[in-house]
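Trainee: here you go, sequence then predicted model.
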Amino acid sequence: MNKTVNQKAWFLVLPVLVLVAFSAVIPLMTVVNYSVQDSFGNNEFFWAGLEWFDELLHSERMWDALGRQLAFSAIILAIQIPLGIFIALNMPKKGVWVSVCLVLMSLPLLIPWNVVGTIWQIFGRVDIGLLGYTLDALGIDYNYTQDPVAAWITVIVMDVWHWTSLVALLAYAGLQSIPDAYYQAAKIDQASRWKVFRYIELPKITGVLMIAILLRSIDSFMIYTEPFVVTGGGPGNATTFLSIDLVKMALGQFDLGPAAAFSLMYFLVILLISWVFYTVMVNLDKRDGV
Amino acid sequence: MAKITLDNLAHSYYPNPKGEDDFALKELNHDWNDGEAYALLGSSGCGKSTLLNIISGLLEPSQGRILFNDVDVTHAPTTERNIAQVFQFPVVYDTMTVRDNLAFPLRNRGADPNYVAERVQKIGAMIGMEAMLDRKARGLTADAKQKISLGRGMVREDVNALLFDEPLTVIDPHMKWELRTQLKALHHEFGHTMIYVTHDQTEALTFADKVVVMYDGRVVQIGTPQQLFETPEHTFVGYFIGSPGMNVLDAEVTGQTARIGDTEIPLAGGYDGLKGKIQIGVRPEFTSLTTDPNGLPVTIRRIEDVGRHKIIRAAHNGTENNVIADEATPVDSDATRIAFDPSGINVYADDWRVAPSSKSVGKAA
């Protein structure tokens, strides 16, 4: 067969190129541009070279925020993944309760993030919030505006409430796709409940669990709205995660250069995490496909 | 090993079955004798798998009892019944090696490790997977996975019964034959009670001592392959067993004669007082083409040469009739009628076979 050479076909990818340019490339390059310059307002910029990056790597503030961020992500993953699987295992498999469960579980996912923050901000208040008032009445010292531990617990419980459903729903979908014959065979083989989970259910939901872990770790790594509304990053810097710190730097102090360097580093970390997950998932697929 | 008794057993998937039609398995009384190999034969959706799952305890029947050696186990869970069952589609534990897969049922029962190792080796050889024992079960072909499933079914020696639910569907034809032979050998060696569900008549007839034919949730006949061939108790049995199946023709039967249109067909025995829809059934093996003007006129549609013999597809008034003729016999172009061997004719009233009554034989004579 003879192929006709027609370079005009390149024009077909033009719309996508324009879209990607305006939505990603140009904003990103602007940030790169800022990161190597210094500005004193009046739209005047001076070449700063790698100064901001150098400063960033020696900045205790950044390392603290990164540490808090990693701790937060690790904690919520350690809670949400097992809890989500547990909920999925105990959800009804058929009947009217399936829909009831699914709707109830989806509700937190449908609430706008700042509303989630507001709900918990009020819920936890000692003067008018149900949670804060009850704990206070029980004699438990709880005040998320003053006590860093209370603030952390509030932010984590809020995130668990908001996002565990996602893990549960994904795991549930994975579990539903296991044919009945597997459970029947396990009964015939006298497998215990734990072995059914370990050798049938867990291997079958590994794929969706990887997606759940990927989504949750990236999302939690970028968390901003909810803790901002509830604690505003405080008390002190106790709940100042990377994004909150970044906004403070860029919009609060208007340090465009350092903030740009900060965002690039932030972007690279997320890219790295995504790449690790992607590699793991591709290898899982390969192992299945042999 | 055990004798399995089904007592008034029936099952419906509806919570409140109204009529007989709501039952996937209609009332059934049957003994599966200890140590016999049975084939459960029937078309898809006739209740075979339901019956199997009730025996293994995966399903609790809506009514009736199941007894193992005269002990009621109707409400006993699967684990207490000590049954091995192999399913239609392969079930393997993906993350385990083939060896661990085979050892799984034994280990779950706390068997001695030396015994497990020895037993797994033996079963591995039996299913022809000795070389692959240390491979992960993930990524094996469907064939290999089903062999592992079969192996897991056979690994326990002390089971009450071995149930197979169309286990060879996914296996290629050559391996099918070999595995079936292995199953038979296993049966001879240990004398387990075996029930083998299939919709493939060859499989049923070669595997089993006794074949149980099910139709529409009911057991229509239990018998040796020969009985099923010679005296099908239900038109379904005649139609389902044999290749091609039995010819079934609407007829009027009085005494020793069946009448189809203007053609009179002599019968071997006499029948009287028949009620309902009357039909005669004759296997193609007992049917021949003839030039005799007393034969049943037919239109020949086509002739298939299947190697050992010819199948002549003919029709009488739209009803298909098949004739099996010798490979060597030429088909005469004048032979447009068929004749039936009287000893091969069965008479059916409302689809059930009627035995000839000796009284009417006398009358007719």
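Mentor: Arrived safely, thanks for sending. Numbers count the residues shown, from 1 in each chain, chains lettered A, B, ... in the order given.
Trainee: for the closest residue to chain A within the stretch 251-365 of chain B, which residues are in contact?
Mentor: Relative to chain A, the nearest point of the stretch 251-365 of chain B is B:Asp351 (33.8 Å; Cβ to the nearest Cβ). From N, CA and C alone the C-beta is placed, and that goes for glycine too. With contacts defined as Cβ atoms under 8 Å, 6 or more residues apart in numbering or on different chains, B:Asp351 is in contact with B:234-236, B:277, B:279.
Trainee: which member of the residues you listed is positioned nearest A:Trp120?
Mentor: If you rank those by distance to A:Trp120 using Cβ to Cβ, B:Phe236 comes first, at 67.4 Å.
Trainee: mind checking how far that closest one is from B:Gln221?
Mentor: Separation of B:Phe236 from B:Gln221 (Cβ to Cβ, to the nearest Å) stands at 9 Å.
Trainee: who does the one helix or strand A:Ala74 maps to touch, helix- and strand-wise?
Mentor: Secondary-structure assignment from DSSP states H and E places A:Ala74 in helix A:60-90. Secondary-structure packing of helix A:60-90 (3 or more Cβ pairs under 8 Å, 6 or more residues apart in numbering or on different chains; DSSP states H and E): helix A:148-176, helix A:202-221, helix A:242-247, helix A:256-289.
Trainee: rerun at 7 Å
Mentor: helix A:148-176, helix A:202-221, helix A:242-247 (3 or more Cβ pairs under 7 Å, 6 or more residues apart in numbering or on different chains; DSSP states H and E).
Trainee: just give the nearest non-adjacent residue to the most centrally placed residue in chain A, would you?
Mentor: With distances taken as Cα atoms, centre = their mean, the residue of chain A nearest its centroid is A:Asp219 (1.6 Å). Closest residue in space to A:Asp219, ignoring its immediate chain neighbours: A:Trp163 at 7.2 Å, by Cβ to Cβ, 6 or more residues apart in numbering or on different chains.
Trainee: my guess is that neighbour contacts A:Ile218, does it?
Mentor: No: the criterion here is Cβ atoms under 7 Å, and A:Trp163 misses it with A:Ile218 at 11.9 Å.
Trainee: who has more neighbours, these two?
Mentor: Remark: of A:Trp163 and A:Ile218, A:Trp163 carries more neighbours, 23 against 14, as counted by other Cβ atoms under 10 Å in any protein chain shown.
Trainee: what bridges to B:Ile265?
Mentor: Judged by DSSP bridges, the bridge partners of B:Ile265 are B:Ala258.
Trainee: mind pulling up the pLDDT for it?
Mentor: On pLDDT, B:Ile265 comes in at 87.
Trainee: now do the same contact list for the closest residue to A:Trp113 other than its chain neighbours.
Mentor: The shortest distance from A:Trp113 to any residue other than its chain neighbours is 4.0 Å, reached at A:Thr225 (Cβ to Cβ, 6+ apart). If you count contacts by Cβ atoms under 7 Å, 6 or more residues apart in numbering or on different chains, A:Thr225 has them with A:113-114, A:117.
Trainee: which of those residues sits closest to chain B?
Mentor: For the contacts of A:Thr225, the residue nearest chain B by Cβ to the nearest Cβ is A:Trp113; the value is 37.9 Å.
Trainee: buried stuff in stretch B:345-355?
Mentor: B:345-349, B:351, B:353-354 (16 or more other Cβ atoms under 10 Å in any protein chain shown).
Trainee: err, stretch A:153-165, not the other one
Mentor: A:154-160, A:162-165.
Trainee: if I look at the residue in the stretch 1-150 of chain A that chain B sits nearest to, how far off is B:Asp72?
Mentor: Distance from chain B to each residue of the stretch 1-150 of chain A (Cβ to the nearest Cβ) is smallest for A:Gly95, at 12.1 Å. Separation of A:Gly95 from B:Asp72 (Cβ to Cβ): 30 Å.
Trainee: between the two, who's got more neighbours?
Mentor: Set A:Gly95 next to B:Asp72 and count neighbours by other Cβ under 10 Å: B:Asp72 wins out with 12 against 9.
Trainee: residue ranges of the helices in the stretch 1-150 of chain A, please?
Mentor: Along the stretch 1-150 of chain A, counting by DSSP state H, counting those that start in this stretch, helices occupy A:14-20, A:26-35, A:51-57, A:60-90, A:96-110, A:113-123, A:130-137, A:148-176.
Trainee: quick one: closest of those helices to B:Asp334.
Mentor: Among the helices of the stretch 1-150 of chain A, the nearest to B:Asp334 by Cβ to Cβ is helix A:148-176 (65.8 Å).
Trainee: which strand residues bridge the residue most central in space within chain B?
Mentor: Centroid-nearest residue in chain B, with Cα atoms, centre = their mean: B:Leu41, separated by 2.1 Å. Beta-bridge partners recorded for B:Leu41 (DSSP bridges): B:Thr198, B:Val213.
Trainee: for B:Glu304, what are its contacts?
Mentor: The neighbours of B:Glu304, taking Cβ under 7 Å, 6+ apart as the test, are B:310-311, B:313.
Trainee: again, but for B:Phe89
Mentor: Residues near B:Phe89 by Cβ under 7 Å, 6+ apart: A:181, B:170.
Trainee: repeat for B:Lys147
Mentor: Contacts for B:Lys147 (Cβ under 7 Å, 6+ apart) come out as B:127, B:129.
Trainee: what's the helix or strand for it?
Mentor: helix B:142-154.
Trainee: may I see the buried residues of that helix?
Mentor: For helix B:142-154, by 16+ other Cβ under 10 Å, it's B:144-154.
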